[in-house]
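Chemist: Coordinates only, no sequence provided:
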């Protein structure tokens, strides 16, 4: 039980940890891969949803008003919402959710936020698990 709690804490920490280290921890700690991957996916989606709605709450204040107006006009015209989730490979879904929560003109949260979030989280978690498990096993065999 403690290993799964450590797994969730590694996954939700954006500065030290993240999805790649969390799935590597699954292999190193020899956890059940199905339960562990499901925990990583669910915790990632819950944290990103909380950050998304927290950013919408922050938008009510006028801290970023001038900068957000420029960004919003470009994003609404060019439709860059879904493209951000391709960038989560490099940035991470936590920061993408924060940025998308600050966007003012959103027509459909389900289409522009939840569908790409869930699809990209599942895909990247499975890819990261595959790469980390084979990489760690290769290093064990090599050493």
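Modeler: Done, it's in. Since the model is a prediction, treat every value here as computed from it, not as a measurement. Residues are numbered from 1 along each chain as shown.
Chemist: Which parts of this protein are helices?
Modeler: Counting by DSSP state H, the chain has helices at residues 2-12, 19-28, 33-59, 65-78, 93-102, 109, 115-142.
Chemist: worst average pLDDT in those helices?
Modeler: Of all these, mean pLDDT reaches its minimum on helix 65-78 (a mean of 67).
Chemist: just to revisit the earlier point, output the helices of the chain as JSON lines; include the columns mean neighbour count.
Modeler: Where C-beta positions appear, they are placed from N, C-alpha and C, glycine not excepted. What follows is the helices of the chain, written out as JSON lines (neighbours: other CB atoms under 10 Å):
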{"stretch": "helix 2-12", "mean neighbour count": "16"}
{"stretch": "helix 19-28", "mean neighbour count": "21"}
{"stretch": "helix 33-59", "mean neighbour count": "17"}
{"stretch": "helix 65-78", "mean neighbour count": "12"}
{"stretch": "helix 93-102", "mean neighbour count": "21"}
{"stretch": "helix 109", "mean neighbour count": "15"}
{"stretch": "helix 115-142", "mean neighbour count": "15"}
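Chemist: What residue, apart from its backbone neighbours, is nearest residue 135 spatially?
Modeler: Spatially, and ignoring its direct neighbours in sequence, residue 135 is nearest to residue 24 (8.0 Å; CB to CB, 6 or more residues apart in numbering).
Chemist: how much space between residue 52 and residue 112?
Modeler: Distance from residue 52 to residue 112, counting by CB to CB, to the nearest Å: 11 Å.
Chemist: meant to ask about residue 26, not that
Modeler: Residue 26 is 31 Å from residue 112, by CB to CB.
Chemist: got it, and residue 32?
Modeler: 34 Å.
Chemist: Please compare these two by neighbour count and tell me which comes out ahead.
Modeler: Per other CB atoms under 10 Å, whichever of residue 32 and residue 112 has more neighbours is residue 112, with 18 against 12.
Chemist: Perfect, that will be all.
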